[in-house]
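Novice: Provide a 3D model corresponding to the input given below.
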Amino acid sequence: MNPALDDIFASINEMHITSISDTSAVTEMTVSERHLNGVGVCQGGALFTLADLAIAALTNRESKSVSTDADIHFLAPARLGEHLICTCRMIRDGRHPFVNGEIRCENKLIATFSGRDYKIEKL
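Specialist: Presented below is the predicted three-dimensional model:
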């Protein structure tokens, strides 16, 4: 069982895993009032959580893993009501998997990200 499927924080924040394979994962959310920052656009932490959920879905397929580092580049604002799709791809698997991905709203690129995990135990 993939531990990312039971991510309470993501669930509370209306984020969902919609696809997991050996090489990719997809997460989605619709920007609601709870996701907005003080200037009225989606808060960066919400975008990072959506990316982190995709990373976890992909790297926790066969083992429990934890993030060792991750980074995100915010490229455009996500606005109230926009539906975001986050796609994460496996670049290197193994004990220290490395992934990258992007968050989009239709044709608008919202953010790019990468991350590395450490596998701590087999499922």
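
Novice: Tell me how many other residues crowd the spatially closest residue to Lys108 that is not a sequence neighbour.
Specialist: Counting by CB to CB, 6 or more residues apart in numbering, Lys108 lies nearest to Ala76, which is 5.5 Å off, once chain neighbours are set aside. Quick note: C-beta positions are derived from backbone N, CA and C, even for glycine. For Ala76, the number of neighbouring residues by other CB atoms under 10 Å comes to 13.

Novice: ditto for Leu5
Specialist: Leu5 has 13 neighbouring residues, counting by other CB under 10 Å.

Novice: beta partners for the nearest residue to it once chain neighbours are set aside?
Specialist: Closest residue in space to Leu5, ignoring its immediate chain neighbours: Ile17 at 6.5 Å, by CB to CB, 6+ apart. Beta-bridge pairing for Ile17 (DSSP bridges): Thr27.

Novice: And for Met90?
Specialist: Val99.

Novice: what's the helix or strand for the residue sitting nearest the centre point of the chain?
Specialist: The structure's the chain has its C-alpha centroid closest to Ala51; by CA atoms, centre = their mean the separation is 2.0 Å. Element membership for Ala51, per DSSP states H and E: helix 44-59.

Novice: Now do the buried residues in that helix.
Specialist: 46-59 (16 or more other CB atoms under 10 Å).

Novice: immediately after that helix, which helix or strand?
Specialist: Assigned by DSSP H and E, the successor of helix 44-59 is strand 63-74.

Novice: what packs against that following strand?
Specialist: helix 44-59, strand 108-122 (3 or more CB pairs under 8 Å, 6 or more residues apart in numbering; DSSP states H and E).

Novice: Restricting to C-alpha, output the first one in PDB.
Specialist: Coordinates of the C-alpha atoms in helix 44-59 are reproduced here as PDB (Å, rounded to 0.1, in the frame of the first residue of the first chain):
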ATOM      1  CA  GLY A  44       3.400  28.900  -2.800                       C
ATOM      2  CA  GLY A  45       3.100  26.300   0.000                       C
ATOM      3  CA  ALA A  46       0.000  24.900  -1.500                       C
ATOM      4  CA  LEU A  47       1.700  24.500  -4.900                       C
ATOM      5  CA  PHE A  48       4.700  22.900  -3.100                       C
ATOM      6  CA  THR A  49       2.400  20.500  -1.300                       C
ATOM      7  CA  LEU A  50       0.800  19.500  -4.600                       C
ATOM      8  CA  ALA A  51       4.300  18.800  -6.000                       C
ATOM      9  CA  ASP A  52       5.400  17.000  -2.900                       C
ATOM     10  CA  LEU A  53       2.300  14.700  -3.000                       C
ATOM     11  CA  ALA A  54       3.200  13.700  -6.600                       C
ATOM     12  CA  ILE A  55       6.800  13.000  -5.500                       C
ATOM     13  CA  ALA A  56       5.600  10.900  -2.600                       C
ATOM     14  CA  ALA A  57       3.100   9.000  -4.800                       C
ATOM     15  CA  LEU A  58       5.900   8.100  -7.300                       C
ATOM     16  CA  THR A  59       8.700   7.300  -4.800                       C
END
